[in-house]
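[1] structure here, sequence nowhere to be found:
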């Protein structure tokens, strides 16, 4: 009886081994897009929505996104409450938002990334805003982070 139980346990362990997941490295590659390849209407959309988010910090009024502009997850995560919390910090450290300056457009297998330098009234502000646009021409992510001077240099290593 003990031998039968041991054999069943061994068979279960062998049958439950973890599977190897292969990942296509093409999914991870980011390539810089040349000026001629940039979709101007998509670029304008990314700029407008990015500016709309950051202008909320100046006006304290946010016009909610709709399903023709952003994905459902972006719509759910970009709430007035969250923006207010972020804006309080940004205004304290960086001053008022002025504008976005396009620094580069990048492409992955499934998204186009618009990288903007966010300009603020205080000179200490060195922030960037990345707008991710998916294959359906919807904003799939909006990320604010510290400016990375070496971003392009990192791309050549891939």
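    Arrived safely, thanks for sending. Here the structure is a predicted model, which is why all the values come from computation and not from measurement. Numbers count the residues shown, from 1 in each chain.

[2] C-alpha only now, for contacts and for neighbours.
    Fine.

[3] gap between the residue nearest to the spatial centre of the chain and residue 132?
    A centroid search over the chain (CA atoms, centre = their mean) returns residue 141, at 4.0 Å, as the residue closest to the centre. Counting by CA to CA, to the nearest Å, the gap between residue 141 and residue 132 amounts to 5 Å.

[4] likewise for residue 80?
    Taken as CA to CA, the spacing of residue 80 relative to residue 132 amounts to 20 Å.

[5] likewise for residue 144?
    12 Å.

[6] what segments of the chain are helices?
    Secondary structure of the chain (DSSP state H): helices at 2-15, 40-59, 72-77, 80-94, 151-155.

[7] wait, isn't the residue nearest to the centre of the chain in contact with residue 114?
    No. Look at residue 141 against residue 114 with CA atoms under 8 Å: they stay out of range, at 10.6 Å.

[8] any shared contact partners between residue 144 and residue 132?
    Taking CA atoms under 8 Å, 6 or more residues apart in numbering as the contact rule, residue 144 and residue 132 have no neighbour in common.

[9] who has more neighbours out of the two?
    residue 132 (24 against 16; other CA atoms under 10 Å).

[10] how about residue 107, what does it touch?
    Going by CA under 8 Å, 6+ apart, residue 107 touches 30-33, 113.

[11] nope, residue 57 is what I meant
    Remark: with contacts taken as CA under 8 Å, 6+ apart, residue 57 is in contact with 83-84, 87-88, 90-91, 96-97.
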